[in-house]
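Novice: Quick one, fold the following:
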Amino acid sequence: MTEEASKAGRITLKQVAEAAGVSLATASYSLGGGGSVGQETRERVMAVAERLGYKPNLAAKAMRTGRTGTLGLVLPDLTNPFFPLLAQTVINAAREGGYDVFLTDTQGSKESEARSIEALIRRGVDGLVWFPIDDTTGAKAPLRGTPTVVLDRELDGFDCVVADFDAGGRMAAACLVAAGHRRVGMVSGPAAALSARQRATGARDGLKAHGGPVWELEAAFSADLDAGIVRALAQRDVTAIIAGADLIAIGVMKALRDNGLRVPEDVSVIGFDNIPWSDLCTPALTTIDLPINEMGIEAVQLLLRRINAPDEPRRRVVFDVSLVERRSVVAPP
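Specialist: Model prediction:
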């Protein structure tokens, strides 16, 4: 077979094998990385495949192996800078493991979340990395039988990767107490998410010895704050704010400035997550660092283990958090 003749249609694995002078099985092992094939033979087959323009038939491979070489990544809100960073980490880790990733943004909608998960399963992904909107999601049922790792949440029946959110809340409170603050307000994340509840519980416990928070309000994971929160911030009855996330903290700082209050001279603010924006805002935000890269890599590795050993006991991996001190926290006025 000449190279010119091969251009008449799609190059097949059989044609690559013939051109390389090896069996069909050897060609398959050489290109797939399996089998006991010598390095010289493997390199020769790969060189022939590249010269002929061979593209593996993924559909045929899926029918033969039962796997598509793809993973699904389900995230709740790509407008939050936390999630593009997480997505990049997951995609890179999956690529190193030989997988491609289908990414979907559920935009904070439970209906969209359920549809997205069902669509990924229909596409035949080998497994899912899932960051649920909250703990009350109704999207769990279609996942039975699909290897799945849950990020940031703890859902029964699934492997999960979380951080020590309670400890992070305590760190935030301890940071403010050490600076001398005793009148602290809290703008916590949505109570429907366990991680937000754990952050708030840790902060409350850390403030308990000093009378607890002056007030606590709940916000979405967004810099856009409800009118009630803005009014509370304008009352000038606290010297510091613990925010349930960096995006919330950024919204808090804007609302304080809009009401003529300076950060940190009049009110100190501490966030949670250590997203890239936290070091870019003015003043740079003191926050609790969530090891996003490490959590994303662990989620992929845990998922690949689950795909290869579906009957292993479920695992819960917990990462430590740490305080990042910047310029948004000083002693009270």
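Novice: residue ranges for the strands of this protein, please.
Specialist: Across the chain, reading from the start of the chain, the strands by DSSP state E fall at 70-75, 100-105, 127-130, 148-151, 159-163, 184-188, 215-218, 240-243, 268-270, 287-289, 316-319, 322-324.
Novice: out of the ones you listed, nearest to Arg44?
Specialist: Minimum separation from Arg44 across the strands of the chain (Cβ to Cβ) falls at strand 100-105, 26.7 Å. The way it works is simple: take the backbone N, C-alpha and C, and place the C-beta from them, glycine included.
Novice: what does the closest one contact?
Specialist: Taking Cβ atoms under 8 Å, 6 or more residues apart in numbering as the criterion, the residues outside strand 100-105 that touch it are 69-78, 83, 87, 90-91, 94-95, 116, 119-120, 123, 125.
Novice: quick one on the thing from earlier: please produce TSV containing the strands of the chain, extended by mean pLDDT.
Specialist: Compiled in TSV, these are given as follows (pLDDT from 0 to 100):
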stretch	mean pLDDT
strand 70-75	96
strand 100-105	94
strand 127-130	96
strand 148-151	95
strand 159-163	96
strand 184-188	98
strand 215-218	97
strand 240-243	98
strand 268-270	98
strand 287-289	98
strand 316-319	96
strand 322-324	98
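Novice: could you dump these to a markdown table with distance to Val300 and mean neighbour count?
Specialist: Written out in a markdown table, the entries for these read as follows (distance: least, Cβ to Cβ, whole Å; neighbours: other Cβ atoms under 10 Å):
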| stretch | distance to Val300 | mean neighbour count |
| --- | --- | --- |
| strand 70-75 | 8 | 24 |
| strand 100-105 | 9 | 17 |
| strand 127-130 | 7 | 26 |
| strand 148-151 | 8 | 24 |
| strand 159-163 | 10 | 23 |
| strand 184-188 | 30 | 25 |
| strand 215-218 | 32 | 17 |
| strand 240-243 | 29 | 30 |
| strand 268-270 | 31 | 28 |
| strand 287-289 | 21 | 26 |
| strand 316-319 | 12 | 14 |
| strand 322-324 | 23 | 16 |
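Novice: For Gly38, which of these is the nearest?
Specialist: Minimum separation from Gly38 across the strands of the chain (Cβ to Cβ) falls at strand 100-105, 28.7 Å.
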